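Asker: Could you look at this predicted model? Sequence included:
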Amino acid sequence: MSRLVLASASPRRRELLSALGVAFEVRPARADETLPPGVALGEGLQAIALRKARAAGADGRAVLAADTAVAVDGRVFGKPAGRAEARAMLSTLSGREHRVVTGVALVTPAGHQTLAVETRVRFRHLAPAEIGWYANTDEPYDKAGAYAIQGRGAFLVAGIEGSYTNVVGLPMSETVDLLAAEGLVPWNEEAERDG
């Protein structure tokens, strides 16, 4: 049995952890994803991630959870409900810079750690035909801000400042630090075997 549970249904988060070689079990958690009122976005996303991690029920194992949102002009974009909302989000982001913020939580039997990572993303100016074409693919509908930087949506992005994997859905550099502190990375396990 793995020592880590990933409380997420996101295939992107699974792919990122798998590529690192971390052993984990997927156990999506149902939790309230409403941002707490009156707090900064990063703080609110950390609270949501912590709710998800605690809801996963990991039988004494460590649980990793995350929640990502896109923000521009004081508005927060989660996942679009349909094509019209996806088009509206993409139109708003066109030719502009926005923030992608992910809250991450790691819950262990001894306690929990949370963090938030922010990346700035700049979209190129998008023609209505480009927005319509992309909105008609299946890609935007389970992604915050209605796009996938690692997929077809790569053409939307003119540049980024910060963590690329954060935009994908899990900031790996910072997440590795959380996992390493608990001995949950492959190189810790190899050192234990070799030691």
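Answerer: That came in fine, so what should we check first?
Asker: Hmm, residue 114 is touching residue 51, no?
Answerer: No. Using Cβ atoms under 8 Å, residue 114 makes no contact with residue 51, being 10.8 Å away. Placement of C-beta: from N, CA and C, glycine included.
Asker: For the residue nearest the centre of the chain, list the residues it contacts.
Answerer: For the chain, the residue nearest the mean C-alpha position is residue 169 (2.6 Å; Cα atoms, centre = their mean). The contact partners of residue 169, by Cβ atoms under 8 Å, 6 or more residues apart in numbering, come to 10, 12, 13, 16, 66, 68, 102.
Asker: can you check residue 68 too?
Answerer: 45, 100, 101, 102, 103, 144, 166, 169.
Asker: of these, closest to residue 135?
Answerer: For the contacts of residue 68, the residue nearest residue 135 by Cβ to Cβ is residue 144; the value is 15.2 Å.
Asker: Next up, the contacts around that closest one.
Answerer: Residues near residue 144 by Cβ under 8 Å, 6+ apart: 68, 69, 70, 77, 78, 79, 100.
Asker: do that again at 7 Å, thanks
Answerer: 68, 69, 70, 77, 78, 79 (Cβ atoms under 7 Å, 6 or more residues apart in numbering).
Asker: Which parts of this structure are helices?
Answerer: Ranges of helices in the chain, per DSSP state H, are 11-20, 41-55, 83-93, 128-135, 164-168, 172-181, 186-194.
Asker: Of those, which is nearest residue 149?
Answerer: helix 164-168 (4.7 Å).
Asker: Of all the helices of the chain, which one is nearest residue 120?
Answerer: So among those, helix 164-168 is nearest, using Cβ to Cβ, at 9.7 Å.
Asker: pLDDT below threshold where in the chain?
Answerer: Residue ranges of the chain with pLDDT under 70: 1, 58, 188-195.
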